[in-house]
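# No letters, just coordinates:
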């Protein structure tokens, strides 16, 4: 599998100057995967 989506996301986040999001994205994605929660629903309270 290619890393293109991750590289593109990193590029856009750097361009938008969102260093915290860039730094935390991978960790949050792993948490979502482990909990079986999609990325859209993850930040919602009471999930």
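Received, thanks. Because the structure is predicted, anything quoted here is derived from the model rather than measured. Residues are numbered from 1 along each chain as shown.
# mind showing which ranges of this protein have poor pLDDT?
1-2, 39, 41-47 (pLDDT under 70).
# same for the helix ranked longest in the chain, what does it pack against?
The residue-count maximum for a helix in the chain (DSSP state H) belongs to helix 19-35. Packed against helix 19-35 by the contact rule (3 or more C-beta pairs under 8 Å, 6 or more residues apart in numbering; DSSP states H and E) you find helix 4-15. To be clear about C-beta, it is placed using only N, CA and C from the backbone, and glycine gets the same treatment.
# In terms of secondary structure, what does the helix it packs on contact?
Packed against helix 4-15, as judged by 3+ C-beta pairs under 8 Å, 6+ apart, are the following elements: helix 19-35.
# between the longest helix of the chain and helix 4-15, how big is the angle?
Between helix 19-35 and helix 4-15, the angle formed by their directions is 150 degrees, by axes from the mean of the first three to the mean of the last three C-alpha atoms, to 10 degrees.
# Going by neighbour count, list what's buried in helix 19-35.
With burial defined by 16 or more other C-beta atoms under 10 Å, the residues of helix 19-35 counted as buried are 22, 25, 32.
# for the residues you listed, which one is nearest residue 6?
Comparing the buried residues of helix 19-35 against residue 6 with C-beta to C-beta picks out residue 25 as the nearest, at 8.6 Å.
# which one among the buried residues of helix 19-35 gets closest to residue 5?
Ranking the buried residues of helix 19-35 by separation from residue 5, with C-beta to C-beta as the measure, puts residue 25 on top at 11.3 Å.
# right, and that closest one touches residue 9 too?
Yes: with contacts defined as C-beta atoms under 8 Å, residue 25 counts as touching residue 9 at a distance of 7.0 Å.
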